[in-house]
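Undergrad: sequence-free structure coming up:
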């Protein structure tokens, strides 16, 4: 490389954002994901034995998926080819695959094909990869922020190792930030910066495990500071951060994970956690009707008759949200969520219908007892339908001691909480009475 080429390369590098300049140059510089990249872990073993094959990287933005793909190509001495599923189609894909096949056929290096946002390819586009993946023409590294078991062709998933990336820890981010402050060539080391650990931790905590975000904010904070030397503190970092938009994909993991967190928090009676997850969903632009449906379902599934007022309240909240709309319906959802979280819980009704359905599906079908059959037609008595039926209201206590099922089953078992505690006592008396035993409902 000539002197001029080297200077041009440095000029281009200096124009890049800090996050791009600080990309690790080797696997040893890579921070995080030690659960599969640490010594003796699976991905490290595949690299060291040159048995990479095809892999899917699944995880949130800014945790190193693209960077690690480049480092894998470097460590395995493969040609690196990159495509974005958002910007390319089958034609581009086939051209890259054909070039990889030609390179291999002429004795060249094998190719590592990195496809960013691979879940954005449709089924036909993903199918186009299968022959060359199976033949080993390319080592595929697909990156996705969506769960591959939902978003990627099952045939492709079955041929790939899946590595789930985690958001970087605060400690990982602080290591990257210190490296950026100290590195004079790629980082900010030529600028005198005073920044203590408290400030670095503040930035790390507010970066949500996203290295790109942390480094970009650091660069803005340093280069926009009028003081020399630069002095960074939490307030200056806070002023250098744009308002954080909650990352959300209505069809992706956030949609399901946030809904799951909301429901599990309400079920667990943690009102504060419930309201936080509700706020996350609202701020992310979740469909209000989806939230309402989940609350109505929960009112029956997890509260039931422990608080019979929970279901009418959830339905009323759903109707109010339709009538009021955003932004005011957030108040209604907050009220409903708080009530449901604090209500006594019972899944007795849920378990009861589940057991009854299982019997219907798996046991011998129970015929309707003759005395319960429809008798409102000519000839019913001749068939025995409705004969010997005892009208409940003719009994002094309104309960007729007769068999309503024909087999001995008990599905509903109220819990000893809330209103179901009363139902539990009443149910015990009713079962005795229906069986013809002594005792009256009071």
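TA: Structure received. All of these numbers come straight from a predicted model, not from anything done at the bench.
Undergrad: any idea how far residue 322 is from residue 292?
TA: 8 Å (Cβ to Cβ, to the nearest Å). (Glycine included, C-beta is placed from N, CA and C.)
Undergrad: and the gap between the residue of the chain positioned farthest from its centre and residue 197?
TA: What lies farthest from the middle of the chain is residue 382; by Cα atoms, centre = their mean that is 60.9 Å. Separation of residue 382 from residue 197 (Cβ to Cβ): 92 Å.
Undergrad: just the buried residues of the helix or strand harbouring residue 97, please?
TA: Under the criterion of DSSP states H and E, residue 97 resides in helix 90-105. For helix 90-105, burial by neighbour count (16 or more other Cβ atoms under 10 Å) applies to 93, 96-97, 100-101, 103-104.
Undergrad: quick check, nearest of the residues you listed to residue 189?
TA: Comparing these against residue 189 with Cβ to Cβ picks out residue 96 as the nearest, at 37.8 Å.
Undergrad: I'd like the distance between the residue nearest to residue 193 when sequence neighbours are not counted and residue 294.
TA: Leaving aside its sequence neighbours, residue 193 sits nearest to residue 230 (Cβ to Cβ, 6 or more residues apart in numbering; 4.5 Å). Going from residue 230 to residue 294 by Cβ to Cβ gives 48 Å.
Undergrad: show me where the stretch 201-350 of the chain has strands.
TA: Counting by DSSP state E, counting those that start in this stretch, the stretch 201-350 of the chain has strands at residues 230-231.
Undergrad: where are the low-confidence patches of it?
TA: The stretch 201-350 of the chain contains residues with pLDDT under 70 at 242-253.
Undergrad: can you give the contact residues for stretch 333-344?
TA: Stretch 333-344 is contacted by residues 262, 265-266, 269-271, 274-275, 278, 282, 288, 291-292, 295, 298-299, 303, 306-307, 310, 313-314, 317, 321, 417-420 when judged by Cβ atoms under 8 Å, 6 or more residues apart in numbering.
Undergrad: for it, buried residues please.
TA: Using 16+ other Cβ under 10 Å as the test for burial, stretch 333-344 gives 333-334, 336-341, 343-344.
Undergrad: closest to residue 202 among those residues?
TA: Of all those, the one with the least separation from residue 202 (Cβ to Cβ) is residue 334, at 29.2 Å.
Undergrad: what about that closest one, distance to residue 317?
TA: Distance, residue 334 to residue 317, by Cβ to Cβ: 10 Å.
Undergrad: please apply the same query to residue 177.
TA: 44 Å.
Undergrad: please, where are all the strands along the stretch 51-200 of the chain?
TA: 55-58, 79-84, 111-116, 138-144, 161-164, 193-194.
Undergrad: would you turn those strands into JSON lines with mean neighbour count?
TA: Shown next, in JSON lines, are those (neighbours: other Cβ atoms under 10 Å):
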{"stretch": "strand 55-58", "mean neighbour count": "25"}
{"stretch": "strand 79-84", "mean neighbour count": "17"}
{"stretch": "strand 111-116", "mean neighbour count": "25"}
{"stretch": "strand 138-144", "mean neighbour count": "26"}
{"stretch": "strand 161-164", "mean neighbour count": "16"}
{"stretch": "strand 193-194", "mean neighbour count": "15"}
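Undergrad: need the pLDDT of residue 439.
TA: At residue 439, the predicted lDDT confidence score is 44.
Undergrad: what residue, apart from its backbone neighbours, is nearest residue 165 spatially?
TA: In space, and not counting its chain neighbours, residue 165 is closest to residue 59: 2.7 Å by Cβ to Cβ, 6+ apart.
Undergrad: surely that neighbour meets residue 66?
TA: No. Using Cβ atoms under 8 Å, residue 59 is not in contact with residue 66, being 11.2 Å away.
Undergrad: so what's the residue count around the closest residue to residue 318 other than its chain neighbours?
TA: Nearest non-adjacent residue to residue 318, counting by Cβ to Cβ, 6+ apart: residue 292, 3.9 Å away. Residues lying near residue 292 (other Cβ atoms under 10 Å) number 22.
Undergrad: ok, residue 292 to residue 60 distance?
TA: 28 Å.
Undergrad: on that earlier part again, any of the contacts of stretch 333-344 buried? List them.
TA: 262, 265-266, 271, 274-275, 278, 282, 288, 291-292, 295, 298-299, 303, 306-307, 310, 313-314, 317, 321, 417-420.
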